[in-house]
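Student: quick check, what structure comes out for this input:
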Amino acid sequence: MSTFLIRNAKIVNEGVVFEGDVLIEDEFIKEIADKISPKSSECIIIDAEGSYLIPGAIDDQVHFREPGLTHKGNIASESRAAIAGGITSFIEQPNTVPNAVTQELLEQKYQIASETSFANYSFMMGGTNDNLEEVLKTNPRNVAGIKLFLGSSTGNMLVDNQEVLEKIFSSTKMLIAVHCEDEGTIKANLEKYKEEFGDDIPMKYHHLIRSAEACYLSSSKAIELAKKTGARLHVFHLSTAKEMSLFTNKIPLEEKQITAEVCVHHLWFSDKDYDTKGALIKWNPAVKTESDRNALWEALLDDRIDVIATDHAPHTLEEKMNPYTSCPSGGPLVQHAVVAMFEAVHKEKISVEKVVEKMCHNPAKIFKIEKRGFIKQGYYADLVIVNPHLPWNVKKENILYQCGWSPFEGTNFKSRVTHTFVNGKLVFINGKIKEVKAAKRLLFERE
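Tutor: This next block holds a predicted model:
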């Protein structure tokens, strides 16, 4: 039996920071108290004085590229980067190759993860214009949800048949997660800029092509449909001020039928960064204006937005150097998301308690993940120690993504993840990944 005693930590849980000790036995948190004595000489003691102990972050939206796109990344490489960044559980999206749009293809991904993942895992079932029967076979107990692309992104899984959409929304009680951008608006905008620039459109126009209007048009329709059908809707990667009016903070999260997510890059970058970062910050939905970013922060802090995620989506640097029309959207983020949010804590934009609420507690609540996302006795010991005063610089040699680059390259972070536990096993310590496979398939408290 492996036992660890984490001592003198600033424990962050459910809106409170308190100093104390946490005892881990096997996979679980055994005890939380002001002072705990080791129960045996085998117990490994970690002194976390001056550091925060937080629940492992749960990233509800990643693209780890396996199967079919493994030149960009795979479940092993990207989950290693995730645990180094303090993310202990992830929910991966279906736009791999082939798309995960049958139960058989979905289970193949689970099989790969069971053999290679360093972090706990779940995969979303993909909806298309013609796979309703397969979607309805999805097991709510061991699959995170249904993913629908209402705007095309990497891998064309666009669901644009209104009748099909309505059927999916009204036929399943499972959480439906959506990518919302209006395809017609984007195509019209793109044609306008292509007439002027050809294929080599300057990146700074990306947010005008994949515009705020395209986002609002699509997300407002999805929300209208969810209200009409009673579907449980989760809107991914919001990027505009305009969309914030669609969400509420008037009811507790547990009672919300419509929830919202924002990604780290939309909180960090703005259109002013296209001149220096170019394609490295080309995402769908696009990074938009400073006023959009300010509105996202405001909605995050007042609880209209419920979750912070990454939309981690690696591409090779070579692919990213293509002209605008052939340059893929997306970037790698799991290794740097937690420390990026701690940077905002240092700047007093957000409290550490709020970061934990949005990255750990709320994903667990929204997806009803069993025994994760909190520092509670009897819960899985997915735990992360963050030293808020251990600065470091992001450079090529410490980037763990298979693609080998990061939009944060050159950034100095004040905080560092020093230890990561997955299911009670120490999997990352002081910059070193331990080759320990501790990960499990996520389970969900649903019927």
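Student: for the residue found closest to Lys277 once you drop the neighbours it is linked to in the chain, report the pLDDT, please.
Tutor: Closest residue to Lys277 apart from its sequence neighbours, by Cβ to Cβ, 6 or more residues apart in numbering: Pro407 at 6.0 Å. C-beta coordinates here come from the backbone N, C-alpha and C atoms, glycine included. Per-residue pLDDT puts Pro407 at 98.
Student: quick one, what contacts Pro407?
Tutor: Residues in contact with Pro407 (Cβ atoms under 8 Å, 6 or more residues apart in numbering) are His265, Phe269, Lys277, Leu280, Ile281, Gly331, Pro332, Leu333.
Student: and the second one, its phi and psi?
Tutor: What that stands for is Phe269. Dihedral angles of Phe269 (phi, psi; degrees, to the nearest 10) stand at phi -100, psi 160.
Student: count the residues that sit near it.
Tutor: For Phe269, the count of nearby residues is 19 (other Cβ atoms under 10 Å).
Student: again with the third one
Tutor: Summarising burial for Lys277: neighbours were counted as other Cβ under 10 Å, giving 17.
Student: which element is it on?
Tutor: Using DSSP states H and E, Lys277 maps to helix 274-277.
Student: sec struct for the residue nearest to Lys277, please.
Tutor: The three-state label given to Pro407 by DSSP: H, G, I helix; E, B strand; the rest coil is coil.
Student: before we move on, the earlier item: among the contacts of Pro407, which lie within strands?
Tutor: Per DSSP state E, strands hold no members of the contacts of Pro407.
Student: what residues of the helix holding Lys277 count as buried?
Tutor: Tyr274, Lys277 (16 or more other Cβ atoms under 10 Å).
Student: got a list of contacts for that helix?
Tutor: Pro202, Met203, Lys204, His206, His207, Phe269, Ile281, Val287, Pro407.
Student: mind giving me the ChimeraX select for these, buried ones only?
Tutor: Of the contacts of helix 274-277, the buried ones can be selected in ChimeraX as follows, counting by 16+ other Cβ under 10 Å:
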select :203,206,207,269,281,287,407
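Student: of the contacts of helix 274-277, which pair is most distant in space?
Tutor: Pro202 and Pro407 (17.8 Å; Cβ to Cβ).
Student: residue ranges with poor pLDDT in the stretch 51-200 of the chain?
Tutor: 151-156 (pLDDT under 70).
Student: same question for the stretch 301-447 of the chain.
Tutor: Within the stretch 301-447 of the chain, no stretch has pLDDT under 70.
Student: what about the strands in it?
Tutor: 307-309, 383-387, 392-393, 412-413, 416-422, 425-429, 432-433 (DSSP state E, counting those that start in this stretch).
Student: out of those, indicate the one that is most buried.
Tutor: Among the strands of the stretch 301-447 of the chain, the stretch with the highest mean neighbour count (mean count of other Cβ atoms under 10 Å) is strand 307-309, at a mean of 27.
Student: biggest helix in this structure by residues?
Tutor: helix 212-229 (DSSP state H).
Student: any buried residues in that helix, and which?
Tutor: Going by 16+ other Cβ under 10 Å, helix 212-229 has these buried residues: 212-223, 225-226, 229.
Student: before I go, just wanted to say thanks for your time.
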